[in-house]
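Student: Could you work out the structure for the sequence below:
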Amino acid sequence: MVEIDGIRCTSLARTAMDIARHDGFVAGVVAADHSMRLGVTRQELFDVIKRARRRPGNATARRVAAFADPRSESPKESELRALMEQLGLERGEPQYEICTPDGELVARVDLALAEMMLVIEFDGEEKYHAVEGPGALLEVLAQEKAREQAILAQGWWILRLRKEDLRRPKVLAAKIRQAMTVARRRLSEVD
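Tutor: Next up, the predicted model:
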């Protein structure tokens, strides 16, 4: 327990692990990733589990604590990573930086499977709703298109996902596996 403005509450680490225990792996990863972005350490997550070792759901909480990554920048990115893990798909690296051969940064992407040069981007609607006016929306779309073209120019393949994809895990797995197949095929054609 911690005290905030005179009110006793559970700490961020405890709250994240309680969510993992109660709501499962995916929700736990979302909470743990966010708590780590706010400064909670992996050791703090494990300490919370250790202090309550008899609580139901601790096996899930341990998996969450081991898997959590503060580099995921949004709840949907965390959810995507957790679903990929549950579906037995390869782990991607969050916030991967794609550079030119000269080392110039091209883009930082949501998730990358670097060995097959596959980018997985979660397209949240917030960036499109946050702009005001059709001119500003067209500018955001143009920037997004230019960014995508720069990534493709470096030889990467891109899979774009939306929140609807996260609601259907079997369909999500099929989309990701298909993108992995295409990315591997493209790499073998280059070699």
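Student: which residues touch residue 25?
Tutor: 60, 63, 64, 82, 85, 86 (Cβ atoms under 8 Å, 6 or more residues apart in numbering). For every residue, glycine as well, the C-beta is placed using N, CA and C.
Student: Just the element for the second one, please.
Tutor: Applying DSSP states H and E as the criterion places residue 63 in helix 58-67.
Student: Show me what that helix is in contact with.
Tutor: Outside helix 58-67, the residues that touch it by Cβ under 8 Å, 6+ apart are 16-17, 20-21, 24-25, 28-29, 32, 42, 45-46, 48-49, 52, 55, 81-82, 85.
Student: and the lengthiest helix in the chain, what does it pack onto?
Tutor: Counting residues, the longest helix found in the chain (DSSP state H) is helix 169-190. Counting contacts by 3 or more Cβ pairs under 8 Å, 6 or more residues apart in numbering; DSSP states H and E, helix 169-190 packs against helix 75-86, strand 118-122, strand 157-161, helix 163-166.
Student: buried set for the longest one?
Tutor: It stands for helix 75-86. Across helix 75-86, burial judged by 16 or more other Cβ atoms under 10 Å covers 75, 76, 77, 78, 79, 80, 81, 82, 83, 84, 85.
Student: doesn't residue 30 make contact with the fourth one?
Tutor: Spelled out, that is residue 78. Yes: the criterion here is Cβ atoms under 8 Å, and residue 78 meets it with residue 30 at 4.4 Å.
Student: Now residue 9: phi and psi?
Tutor: Backbone torsions for residue 9, taken as degrees, to the nearest 10, come to phi -140, psi 170.
Student: Quickly list what it is bridged to.
Tutor: residue 2 (DSSP bridges).
Student: number of nearby residues for residue 140?
Tutor: If you count neighbours by other Cβ atoms under 10 Å, residue 140 ends up with 13.
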